[in-house]
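>>> Give me a 3D structure for the following:
(2 chains)
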Amino acid sequence: MNFWQVCLEAFRAMGMNRLRAGLTMLGIIIGVGAVVLMLAIGESVREDINRRIDTMGSNVMVILPGSSTSNGVRAGRGAAQTLTLSDSAALAQLPVFANIAPIVQQPFQVASGANNWNASVYGVGPEYFNIKDWTADKGSIFGDVEMRSVSRVAVVGSTVASNLFGEADPIGQTIRIRSRPFEIIGVLATKGSDLGGGDQDDAIFVPLSTARQQLIRSWTPGSIQYILAQAASADQVQDAVYDATQLLRVRHRIREEQEDDFTVRDLASIAEAAQGIATALTLLLGAIGSISLLVGGIGIMNIMLVSVTERTREIGIRMALGAKRRDVLLQFLTEAIVICVCGGAIGVLLAYLGSVAITKFSPMEVGISTSGIVIAFSFSAMIGIFFGFYPARRAAGLKPVEALRYE
Amino acid sequence: MMSAVMPKARADALRGPLIALTDIRKSYFNGDLETPVLHGVNVTIHHGEFVAIMGQSGSGKSTLMNILGCLDTPTKGSYVLNGREVEKLSDNELASVRNETIGFVFQGFNLLKRMPLVDNVALPLLYAGVSMAEARKRAAVKLQQTGLGEFLKRLPNQISGGQQQRVAISRALVCEPALILADEPTGNLDTATSSEIMNLFTRLNEEQGMSILIVTHEPDVAKYAKRLVRLKDGYVTYDGPMADAHL
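Take a look at the predicted model:
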C-alpha cells in the first residue's frame, strides 16, 4: 500500500465514526490552539517590552538624589536636592560618558487658547534628546543657543500636541505654562509608553535654564532633580556606574563609612529583568499550552486503543487478505497522525482567529508567526506518532487467527 | 510461464502437490495444561481438486483450516503449500503467502463495512503492491465475472447475503490464487442461495481448474466437492472420493 492509499483508509476510518473522531480531534485542536496562541501572546509581550526598552535609549543610567530626613521623617528617594548642575558638569568631564542630561521636572496645568491640559514639564538640555534618541516630527528641537538665551520655547510630545491642538499644526503656537507664554518650536515623534506603562508622549520640554529660572524654583542653588547619563559604549556601562559613584562621593564629601546620598541606577539591568520576566511569561504560557496538548495526545491514545479493540476483526480480515504487520501498524499510525494534523490545522486556524480578536478587543497586538505554525504542526504530527504508536503496535501484534475469531 | 504454453491441468501435475500435510499436530496450551486438537493429520491435495473437509464441531476442522490458511502454525509436523515449507516462513512471508497463494471465503463474508464493494475486492491487490487505479480495474472485472458489475460503488450492507458472499469470492479470486479456502461459505445463507454459491464454486473448479477446499459440517454442501476428508476428534477418519463416502 502506498502513502495515499493509507491516508484514504485513515479518512475512511474517521468518516465511519465522525463524532468520535471529532471529539478526539477537539483535544488536539484545543492543545495546538492553546500552544500557538499562548506563544504568540508571550512573543507579543516580549516585543512590547523590547520596544519600550528601546525608547529608554541605549547604555543609559539614571542618577537620583538620595532621600532627605527632616525631624526624623524620611522622605522617599529623590526628595533631597543633593544633585547640582556642577555635579552634572563634573560627570560630563568623565570620558566614560557620551552624554549627560541634568533634568528638572514638574507637572503643570498648561493652556493654549481655550484648551488646557495637565502635563509634565521637563527642563532639559539638548543632550537629553540625544540620549533618548528622540527626534522632532515637526519643527525642531531647541539647542545650546536657546539654553544660553533662556528662551521661552517648548517642544511637546504628541499626546500633548493632540490634546491642546487637535488636528491643527502646533508649530509657532503659544502655550502658557505658569501663565508664561512659551512658543512651540517642535513636536516630538511618538515614543509610546515606558516600561512602567506611563505615556512618554504626555510631556513638554523646555530649556533647562528657562525651567530653573521661571518655572521650577528650588531653595538649593544650582540643584537639579536627576541626571540621565549615557555611557560611551555598552562595555563601559559598569565602569560608568563605578566612576560616577566615586566622583559624586568625593564631590559630596561622603566619608568612607557613610552611605551614598544618591543612587546610580543602570537601566540596562532593569531592561534585563523585564526581558527575563517576558521570557518566563512565554515559557509559562507555552507550558500551559503544552499540557493541554499532552492531554489531547493522551485522548488520542485512548481512542486509538478503543478503536484497535473494536476493529480487531477487521485487522484479522486484513491480515488474512495479506496485510503485513507493517501495513497494519502504518494504518493505525496514519489514522492517529491524520487526526492530529487535521486537529492541528483547525487549532492553528482558531489560534489565528483568537489573535485577531485579542488584537481587536485589547491593547495588545498579537500576531501568529509562521515559525509558530510550523512548530505547532510538526508538534501535533509528533504527538500523533508518539501516542498513536502504542495502539498501532498493539494492532500489528495481533495474531491473525485470534483477530479473525474476535467477536 | 508454463501455463502459458500447456494446459493448466498438465502444468499442475508437473508442479507436484498443492498441499502436503505430514503428521500435523496441534495443541493449545493453557498454562501447563495441554489440549491436543489435531493428532497427526496426513493429507495431500493436488492442483485442481475440489475437496470438502467435514467434521462435527470440536473435530479440529477449524484448527486445520487455520493451519491450511497460514493463519496459525502447527505445533508439530510439516506443511508444504505449493512447494513452500510453511513452518519455515516468517510473519511477513506468511502474509505474502496468504495474499498470493490463498483466497479466503468466510462464513460471515468478512467484508469491510465502510468500503465500497470494488474497494473491498481490490484490497488484496493493494497489499500485493498494485496501484489503486489498476487494483480497482481488476476488482471491477472480477465483480463483473460474478455478476455484480452494477454494484461496484455500493457498500456491503446494501446488498443481499448471497451477493455479499459472491463479493467475497471475487475478493478471494482477485489475486489469482492457487487455492480457494472456504470456511462454512454457506453457513449464513438460505438453501437456494447456498446452492447458487456452491454452483459458483463448482464452475470455478470445472471451468477454470481452480483448486477449492471447503470446510463444512453440512452434507448438502460437502456433496458438491469431489473428494471428502472427514475429521473426528482430531483424526482423519475418511479420505477418499465423495461418491464412496457415506454422508
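
>>> B:Leu143 contacts B:Leu152, correct?
Yes - the pair B:Leu143 / B:Leu152 is scored as a contact, 6.1 Å apart, by Cβ atoms under 8 Å. Any C-beta I mention is one placed from the backbone N, CA and C, and that applies to glycine too.

>>> Enumerate every residue touching whichever residue of chain B sits closest to chain A.
Per Cβ to the nearest Cβ, B:Asn99 is where chain B lies closest to chain A, at 2.4 Å. Taking Cβ atoms under 8 Å, 6 or more residues apart in numbering or on different chains, we find B:Asn99 in contact with A:321-322, B:124, B:127-128, B:175.

>>> Can you name every helix or strand that the lengthiest helix in chain B contacts?
If you go by DSSP state H, chain B has its longest helix at helix B:191-208. For helix B:191-208, the packing partners by 3 or more Cβ pairs under 8 Å, 6 or more residues apart in numbering or on different chains; DSSP states H and E come out as strand B:50-54, helix B:161-173, strand B:179-183, strand B:211-216, helix B:219-222.

>>> How many residues are close by the residue in chain A positioned nearest to chain B?
Evaluated by Cβ to the nearest Cβ, chain A has A:Gly322 as its residue closest to chain B, separated by 2.4 Å. Neighbourhood size, A:Gly322 [other Cβ atoms under 10 Å in any protein chain shown]: 25.

>>> Just the pLDDT at it, thanks.
Looking at A:Gly322, its pLDDT stands at 92.

>>> What ranges in chain B fall below the confidence cut-off?
B:1-15, B:247 (pLDDT under 70).

>>> One more pass at 50, please.
Applying pLDDT under 50 to chain B flags residues B:1-4.

>>> Show me what from it comes close to chain A.
B:66, B:69, B:71-72, B:91-92, B:95-96, B:98-100, B:104, B:106, B:110, B:112-115, B:123-124, B:126-129, B:131-132, B:171, B:175 (Cβ under 8 Å from any Cβ of the partner chain).

>>> Show the pLDDT at the nearest residue to A:Ser193 once chain neighbours are set aside.
Nearest residue to A:Ser193 in three dimensions, chain neighbours excluded: A:Asp199, at 5.6 Å (Cβ to Cβ, 6 or more residues apart in numbering or on different chains). For A:Asp199, the pLDDT comes out at 89.

>>> Would you mind measuring from the residue of chain B closest to chain A to B:Leu181?
Distance of B:Asn99 to B:Leu181, given as Cβ to Cβ, to the nearest Å: 13 Å.

>>> The longest strand along chain A - contacts with which helices or strands?
In chain A, ranked by residue count with DSSP state E as the criterion, the top strand is strand A:97-112. The helices and strands touching strand A:97-112, judged by 3+ Cβ pairs under 8 Å, 6+ apart, are helix A:85-93, strand A:115-124, helix A:127-131, helix A:158-165, strand A:174-177, helix A:208-210, strand A:226-231.

>>> Report the strands that pair with that strand, each with its relative direction.
strand A:115-124 (antiparallel), strand A:174-177 (antiparallel), strand A:226-231 (antiparallel) (DSSP bridges).

>>> just the ones you listed: most buried one?
strand A:226-231 (a mean of 24; mean count of other Cβ atoms under 10 Å in any protein chain shown).

>>> What average pLDDT does the helix or strand following it get?
Using DSSP states H and E, the helix or strand that follows strand A:226-231 in sequence is helix A:237-251. Regarding helix A:237-251, the rounded mean pLDDT is 91.

>>> Taking helix A:85-93 as reference, get the angle to helix A:237-251.
If you take axes from the mean of the first three to the mean of the last three Cα atoms, to 10 degrees, helix A:237-251 sits at 140 degrees to helix A:85-93.

>>> For A:Val328, which non-adjacent residue is spatially closest?
A:Ala396 (4.4 Å).

>>> Quick check: residues of chain A near chain B?
A:1-2, A:4-5, A:8, A:12-13, A:15-16, A:313-314, A:317-327, A:399-401, A:404.

>>> Sort out which of these are buried, if you could.
Neighbour counting with 16 or more other Cβ atoms under 10 Å in any protein chain shown marks A:1, A:5, A:13, A:313-314, A:317-325, A:327, A:400-401, A:404 as buried within the residues of chain A next to chain B.

>>> circling back: specify which member of the contacts of B:Asn99 is nearest to A:Met25.
Nearest to A:Met25 among the contacts of B:Asn99, counting by Cβ to Cβ, is B:Tyr127 at 28.4 Å.

>>> check contacts around the closest one.
B:Tyr127 neighbours (Cβ under 8 Å, 6+ apart): A:1, A:318, A:321-324, A:327, B:95, B:99.

>>> Among these, which are located in helices?
Going by DSSP H, the helices hold A:318, A:327, B:95, B:99 from the contacts of B:Tyr127.

>>> can I get these in a markdown table with distance to A:Ile346?
Formatted as a markdown table, the ones in helices among the contacts of B:Tyr127 follow (distance: Cβ to Cβ, whole Å):
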| residue | distance to A:Ile346 |
| --- | --- |
| A:Arg318 | 30 |
| A:Asp327 | 29 |
| B:Ala95 | 36 |
| B:Asn99 | 38 |
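
>>> Report how many residues lie close to B:Val130.
19.
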